[in-house]
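K.L.:
Fold the stuff below for me.
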Amino acid sequence: MSSATGQAAGARADRDDLSTRVAGRLELVERVLASHAGGVQLVEVSGDGLVRLRFTGMCAGCMLKPLTMAAVVAPALSDIAGVTGVDAAGTRVSGQAHARVLAAQAQEAATTAGLRHA
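P.N.:
As a prediction, the model looks like this:
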C-alpha cells in the first residue's frame, strides 16, 4: 500500500469516526426535537469537519428553525472535536441574532448556576 493510499484510508477512518460521534450526539438532539414532532437528519460530514444536516417533520417548515439550529443543534454538535461547522438549509441567522442567542444562553446558565448555590 502506498503512503498516499494509507493516508487516504486514515482520513476516511477519521471522518467515519467523526460521523459516528456526530450521529450519536444527534440522537440526543432528536429526543428534544421529537417532542415538537420534528427531527434532524445527518446528511454528511465533510473531510474538513463541516456537518450538513436536514430538518424533518414539523421542523422542516417551522419559522423558528434558525433559532433551533443556533440555540440547540449547533451548540450540541460544535463541541465535538473535529467539527468545524454545522449547516442546514434555511437556518441562516445574522451575526447580531446569533450574538443575542449566545447572550441569552449565557444569562440562563448564570441564573441556573446561581439558583443551585442559593
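K.L.:
number of nearby residues for Glu44?
P.N.:
12 (other Cβ atoms under 10 Å). For glycine as for every other residue, the C-beta is placed from the backbone atoms N, C-alpha and C.
K.L.:
ok, now which ones touch Val22?
P.N.:
Residues near Val22 by Cβ atoms under 8 Å, 6 or more residues apart in numbering: 42, 45, 51, 77, 80, 83.
K.L.:
go on, Gly39?
P.N.:
With Cβ under 8 Å, 6+ apart, Gly39 has these contacts: 30, 33, 55-57, 59.
K.L.:
Which of those fall within strands?
P.N.:
55-57 (DSSP state E).
K.L.:
So which of the residues you listed wins on neighbours?
P.N.:
Phe55 (22 neighbours).
K.L.:
what's that residue in contact with, if anything?
P.N.:
Going by Cβ under 8 Å, 6+ apart, Phe55 touches 38-41, 62, 65, 68, 88-91.
K.L.:
do the same with Arg21
P.N.:
Contacts for Arg21 were tallied using Cβ under 8 Å, 6+ apart; they are 80, 82.
K.L.:
my guess is it is in a helix, correct?
P.N.:
Yes. Counting by DSSP: H, G, I helix; E, B strand; the rest coil, Arg21 is located in a helix.
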